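got a predicted model here, sequence first, then my questions.
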Amino acid sequence: MVALTRSRLILFLLPLAVFLVYGQSLSNGFVLWDDDKLITENPIVRSLSPHTVRAAFTSYDPELYVPFTIVSYQVEHALFGFQPAVFHGTSLILHIIAAFLVYAFLRKVGVKAALPCALLFAVHPLNVEAVAWASARKDVLSAVFALASLLSYLRYRQGGGRPAFWSAFLCLLLSLLAKPAAIVLPFAYLLLDWKEGGGRGRDAWREKIPFFLLSAVFLLIGLAGKEANVQALPPVHTALLAAKSAVLSPSLFLFPRFSLLFLQHTPVTPRSPEFFLPLLLLAALGGLTLRSLRRTRSLAFGLGFALLFLLPSFVTFSKAGAVYVTSDRYMYLAQVGFLFLLGLALDRFLSSRALRAATIAAVTVTLLAAGWGAWRRSLLWNNSATLLQAALARNPGSAALPHNLGELAAGEGDTEGAILRYREALRADPAYAPSFIGLGRIAQAQGEADRALRLFRSAIQADPRSVNAYLHLGNLYRDRGDVDGAIAAFRRALEIKPNFAQARINLADAYGKKGMYREGLLEYKRVMEINPEFRKEILQKFPQLEQLDMGE
């Protein structure tokens, strides 16, 4: 009867907590912070067919391999169109499932006070980014299957047999397809073995070979997409940033604060206090953890679990020329390690008659404060202007934020406002290529072709791999009648990004203007293979493409 009552309480409290905090997010729209690139303007998402599903499984977005996440967007769009409430509703449901799985996992690893810990996970402000941002679906979806895999593995350890073993394998595969960050899961299985005091022999490693092989495959796939990010920083800088991130990320669990961006503005050097202090703190914490092993493995397990699931984020420090130390969503699964430690502490306090009442009061106040903070933070994701302006107030040195505000202004027809924002971005980063492109587009629209040409060339000088700069440069050459210049620009864009469908369409058009009809038809043929959304439109214009042999 007690277990039944507890089950009903859990079934009621966890969904209620999530909807009280995030229910208003169902009225939120998409935001100009990757939602356009990943969802609303992603041609793969705009249709659901064997061609688009294949495209989801054979492409990056733009640097992450997340096919399962893309397919989930495809299904939503096919059924409901681009209704933001549907996309946000799916995220809420996934977060509720994740909260249930966190509860089940904590119970399985010996935490009696799993319910308050799961409730804290459900309403923690740290999770707002992952839940209220449609583009962060990959983090929540991957975490759901990662937790399911851990639970299946624990069931296997407790005598569940091969069905539980292969269930863990299947859930690992689905988690990796949602986001490759789950590559660390096989090590989490070993950590669970070690915590229980067994499985340290060769058999423990041998039985996990299928899991490690699967993770290795996705590691290679993931690194291929992240190659530019990984190579952008020297290994020493990556190590120092990893140390800072390993301290900063958990601090956000204890003291959550909204930032959206955690930019690294100062030079990365071990002589700086912001780097040598984290190194000292980590060394001290490591020593404390080793000493604790004389009495318990719990501290090492909790901290090890958190660090393990933070590790994949250490290859994401460099993005578009800027350096980011961390993001809230990277802690979505890693925080379970801290919740484990918190749960053990609560178990001890709640078992004491003298401390029980005070502990319950403290837990209640903490949950209410966390829920209130998460609710207020979730309001910032209501629309692009609210989010970007709030983030810019906390990150005045960012170039990406004013640039996106410029894109928002340009989309609303506010040319002057867009120009001011683009210039603000360039003051923050004089080599920020997207804002040169934005100014160039405006100059071209105003008939200032020479100025636009200089701006597009400045974008290429700032970022020689900016495919959008070459695309717009090619468009400008084409409009000025310089077909050869246009062809050269489009070809350069395609050298950098062979699957850039719009560049291929424009190249095909330029070939047509040059009288190179066969070359143009071949480019259209490639477009249909890269982006099936254009297939019907292209075949209506060029029906002969159905029979055109690419090898001729």
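Cool, got the structure.

any stretches of the protein with poor pLDDT?
Within the chain, the set of residues satisfying pLDDT under 70 comprises 1-7, 198-201, 225-232, 320-321, 529-552.

where do the strands sit along it?
262-263, 318-319, 322-326 (DSSP state E).

what strands flank the second one, and is each parallel or antiparallel?
When you say that, I think you mean strand 318-319. Sheet pairing of strand 318-319 (DSSP bridges) gives strand 322-326 (antiparallel).

now do the strand it pairs with: distance to the chain's middle.
14 Å (CA atoms, centre = their mean, to the nearest Å).

list of residues touching it?
If you take CB atoms under 8 Å, 6 or more residues apart in numbering as the criterion, strand 322-326 is touched by 233, 241, 244-245, 248-249, 252, 261-264, 268, 313, 316-318, 398-400, 429. To be clear about C-beta, it is placed using only N, CA and C from the backbone, and glycine gets the same treatment.

so how do I select the buried members of those in PyMOL?
Of the contacts of strand 322-326, the buried ones can be selected in PyMOL as follows, counting by 16 or more other CB atoms under 10 Å:
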select buried, resi 233+241+244+245+249+252+261+262+263+264+268+313+316+317+318+398+399+400+429
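
just the ones in helices from the contacts of strand 322-326, please.
If you go by DSSP state H, these have 241, 244, 245, 248, 249, 252, 400 in helices.

nearest to residue 160, of those?
Closest to residue 160 out of the ones in helices among the contacts of strand 322-326 is residue 249 (33.1 Å), distances taken as CB to CB.

could the ones in helices among the contacts of strand 322-326 be laid out in a markdown table, adding distance to residue 411?
Formatted as a markdown table, these follow (distance: CB to CB, whole Å):
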| residue | distance to residue 411 |
| --- | --- |
| 241 | 34 |
| 244 | 36 |
| 245 | 34 |
| 248 | 34 |
| 249 | 34 |
| 252 | 32 |
| 400 | 16 |
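
quick one: the closest residue to residue 59 other than its chain neighbours and residue 334, what's the gap?
Spatial nearest neighbour of residue 59, excluding adjacent residues (CB to CB, 6 or more residues apart in numbering): residue 499 at 6.0 Å. Distance from residue 499 to residue 334, counting by CB to CB, to the nearest Å: 33 Å.

what about the two, which has more around it?
Remark: of residue 499 and residue 334, residue 334 carries more neighbours, 24 against 17, as counted by other CB atoms under 10 Å.

what ranges does the stretch 401-550 of the chain have for its helices?
Ranges of helices within the stretch 401-550 of the chain are 415-428, 433-445, 449-462, 467-479, 483-496, 501-514, 517-530, 535-541, based on DSSP state H, counting those that start in this stretch.

can you redo those as CSV with mean neighbour count?
CSV is the format used below for the helices of the stretch 401-550 of the chain (neighbours: other CB atoms under 10 Å):
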stretch, mean neighbour count
helix 415-428, 19
helix 433-445, 23
helix 449-462, 19
helix 467-479, 22
helix 483-496, 19
helix 501-514, 21
helix 517-530, 18
helix 535-541, 13
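
okay, the ones you listed in CSV with distance to residue 120 next?
Formatted as CSV, the helices of the stretch 401-550 of the chain follow (distance: least, CB to CB, whole Å):
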stretch, distance to residue 120
helix 415-428, 36
helix 433-445, 38
helix 449-462, 44
helix 467-479, 42
helix 483-496, 45
helix 501-514, 45
helix 517-530, 45
helix 535-541, 49
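
tell me which of the ones you listed lies nearest to residue 150.
Residue 150 sits nearest to helix 517-530 of all the helices of the stretch 401-550 of the chain, at 37.5 Å, using CB to CB.

next one: the closest one to chain centre, how far?
When distances are taken as CA atoms, centre = their mean, helix 517-530 is centred 33 Å away from the chain's centroid.
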